[in-house]
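Participant: sequence plus predicted model, see below.
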Amino acid sequence: MTTEVNTVVVGGGQAGLSVSHYLSTRAVEHLVLEQAQQPADAWRNHRWDSFTLNTPRWQSRVPGVRYGDDNPDGFMPKQEVVAHFDKLARRLPLRTGARVASIAREVRGDYLVALDGGETIRARNVVVATGLYQTPKIPPFVRNLPGTIKQLHSDNYRNPDQLLPGAVLVVGSAQSGAQIAEELYESGRKIFLATGRAGRTPRRYRGKDANWWFARMGQYDRTVSELPSPSAKFSGKPHISGTKGGHTINLHQFARDGVTLLGRLVGIENGIVKLGSDLPNNLAAADRAEAEFTKAVDAYVAATGMLAPEETLPILRDGFDQDILTELDPTVSGITNVIWATGHSFDFSLVKLPVTDSDGFPIQTRGVSAYPGLFFLGLPWLHTAKSGLIYGLAQDARYIADRIAEPRTAIETTSIVPPPGRSLKPGRSRATTRWADRVMTLIWSSALSLMLDGFAGYAAGIYPTAPQTSSHQADSAIAPPTRCNNDNDGVQHEQNI
């Protein structure tokens, strides 16, 4: 059976629902297809129970839903995020339980969207809004751990009670790994944390939230053309949290509180975990990221003459005092659980057209592909630093909806040549721009998130101690598989994983 509709949106998550909202306001006939049984499935079923957005409410407003005016600087728990998406979805043409198997283009230019079960939908436009965080990524040597150890990916972790009694090895120290490790050790668990090169951003500095400073300095408006390399958009996210009203996560504090910090996990042989000796470098990278952030803010305050209270952040060194372990015997250490906070892989092969680059990332400009009527949405650095965040949904989704609402002839003549290289943003001095751009590249070079929670990353060249790799996981000691999104996973991968 083949039905026809003007536009099909593939994915009923934050990006798909947002573009559907703007298509509805433009009276564009469309249908949103979501493979799960409810919208916003990633928020609903792929976050731990205590998960809280890392972006404040003023930066986390879902298009078409009004909220947050009473507490703009607060942080939303996932239940509130889901409730807002549910409210939006109720007035949109959403079909759940509909898994798209393929998207093909007809000779005349329309698209055939094939669903599991044999149904086909013909559409003039297709918006692929499936995001990057599609499949949990776990290294293959997990099978070398004893079978008595319970293993979970962070995608499946919910709370401490689902784990076996005993200690926990958390692999990965970016946002997911660091936040889960913190929750677990605060619940009384003994934690071993395999670290990567994720940076650290202080939650607040000189009287304002870190995200307020980034917005004020114009960093969220930086375009993808200003990144030092295409791989920078895959960088891991920094240590920061929206829980407890928002607070800084510091690995040195973890060490002070009894967490055993480790270097990267390089393999597992005969049940023994093999570790790198790079813990000091990983800690130093996080410290330098925070230092670069404070320098950027100080430079901005000095250049603009704005009033902001002086502040000196506490300097912790506890992590450097820990022994460097190169092996870890789970049995001797009492480890009965392993949580793999090692990121996700992505795959756009359902689109039966040559639309991806060597990383598997869609080739597009502002979400517009070279094929008239084919669009992508909800990706990190789709256009700007805030793409992929709820903060950037309105701008990106509105732009795509406007292109769809135009006559096809206008779309066909739209240039998709990438914009020229970086330029100074109006209102910023060269000194301020130099510091701000450096720290932006250092700390806010990915998306999203999901995740939604803030960008970050380590830029090779700023930290000479970082390992160099041709992979797009530039801040990881992993030689990754293709089409993977890094969560600064604390694992050293082999080439052909």
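Facilitator: Noted; the coordinates are in hand.

Participant: what ranges do the helices span in this protein?
Facilitator: Ranges of helices in the chain, per DSSP state H, are 14-25, 41-45, 78-89, 175-186, 210-216, 251-256, 279-304, 330-333, 390-405, 408-412, 430-443.

Participant: which of these sits closest to Glu269?
Facilitator: Distances from Glu269 to each of the helices of the chain were compared by Cβ to Cβ, and the smallest falls on helix 330-333, at 12.4 Å. For the C-beta atoms, the positions are set from N, CA and C on the backbone; glycine is no exception.

Participant: that closest one: which residues count as buried?
Facilitator: In terms of neighbour count (16 or more other Cβ atoms under 10 Å), helix 330-333 has its buried residues at Pro330, Ser333.

Participant: do the same with stretch 258-275
Facilitator: Using 16+ other Cβ under 10 Å as the test for burial, stretch 258-275 gives 259-268, 272-275.

Participant: same check on stretch 177-197?
Facilitator: 177-185, 189-197.

Participant: got it, and stretch 388-403?
Facilitator: In stretch 388-403, the ones that count as buried by 16+ other Cβ under 10 Å are 388-401, 403.

Participant: and of those, the nearest to Asp70?
Facilitator: So of the buried residues of stretch 388-403, ranked by how close each gets to Asp70 (Cβ to Cβ), first place is Ile390, at 18.0 Å.

Participant: what's the closest non-adjacent residue to that closest one?
Facilitator: Nearest non-adjacent residue to Ile390, counting by Cβ to Cβ, 6 or more residues apart in numbering: Ser60, 4.6 Å away.

Participant: go on, Ser50?
Facilitator: The spatially closest residue to Ser50, leaving aside those adjacent along the chain, is Glu183, at 6.1 Å (Cβ to Cβ, 6+ apart).

Participant: quick one: pLDDT of the one you found?
Facilitator: Glu183 carries a pLDDT value of 98.

Participant: isn't it up against Pro160?
Facilitator: Yes - in this structure, Glu183 is within contact of Pro160 by Cβ atoms under 8 Å, at 6.9 Å.

Participant: per-residue pLDDT, the residue nearest to Ile390?
Facilitator: 94.

Participant: and the one 10 residues further on, by the same measure?
Facilitator: pLDDT recorded at Asp70 is 84.

Participant: ok, it - how many residues close by?
Facilitator: Number of residues near Asp70 (other Cβ atoms under 10 Å) recorded here: 7.

Participant: if I look at it, how far off is Asn270?
Facilitator: Distance, Asp70 to Asn270, using Cβ to Cβ, to the nearest Å: 57 Å.

Participant: for Ala370, same thing?
Facilitator: If you measure Ala370 against Asn270 using Cβ to Cβ, the figure is 51 Å.

Participant: list the buried residues of stretch 207-223.
Facilitator: Along stretch 207-223, the positions that meet the burial threshold by neighbour count (16+ other Cβ under 10 Å) are 209-220, 222-223.

Participant: make CSV out of those and add pLDDT and distance to Thr52.
Facilitator: Shown next, in CSV, are the buried residues of stretch 207-223 (pLDDT from 0 to 100; distance: Cβ to Cβ, whole Å):
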residue, pLDDT, distance to Thr52
Asp209, 98, 14
Ala210, 97, 15
Asn211, 97, 14
Trp212, 97, 18
Trp213, 97, 20
Phe214, 96, 19
Ala215, 96, 20
Arg216, 96, 23
Met217, 95, 25
Gly218, 94, 26
Gln219, 93, 23
Tyr220, 94, 20
Arg222, 94, 26
Thr223, 95, 29
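
Participant: mind putting the buried residues of stretch 258-275 into TSV with distance to Asn125 and pLDDT?
Facilitator: Formatted as TSV, the entries for the buried residues of stretch 258-275 read as follows, by distance: Cβ to Cβ, whole Å; pLDDT from 0 to 100:
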residue	distance to Asn125	pLDDT
Val259	50	98
Thr260	53	98
Leu261	50	98
Leu262	49	98
Gly263	48	98
Arg264	44	97
Leu265	44	97
Val266	47	96
Gly267	47	96
Ile268	47	97
Ile272	54	96
Val273	49	98
Lys274	50	97
Leu275	50	98
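
Participant: out of those residues, which one sits closest to Gly166?
Facilitator: The nearest member of the buried residues of stretch 258-275 to Gly166, counting by Cβ to Cβ, is Thr260 at 14.0 Å.

Participant: so what's that closest one up against?
Facilitator: The contact partners of Thr260, taken as Cβ atoms under 8 Å, 6 or more residues apart in numbering, are Lys190, Ile191, Phe192, Leu193, Gln322, Leu325.

Participant: please look at the fourth one and Leu261 and confirm they touch.
Facilitator: Yes - with contact defined as Cβ under 8 Å, Leu193 counts as touching Leu261 (5.6 Å).
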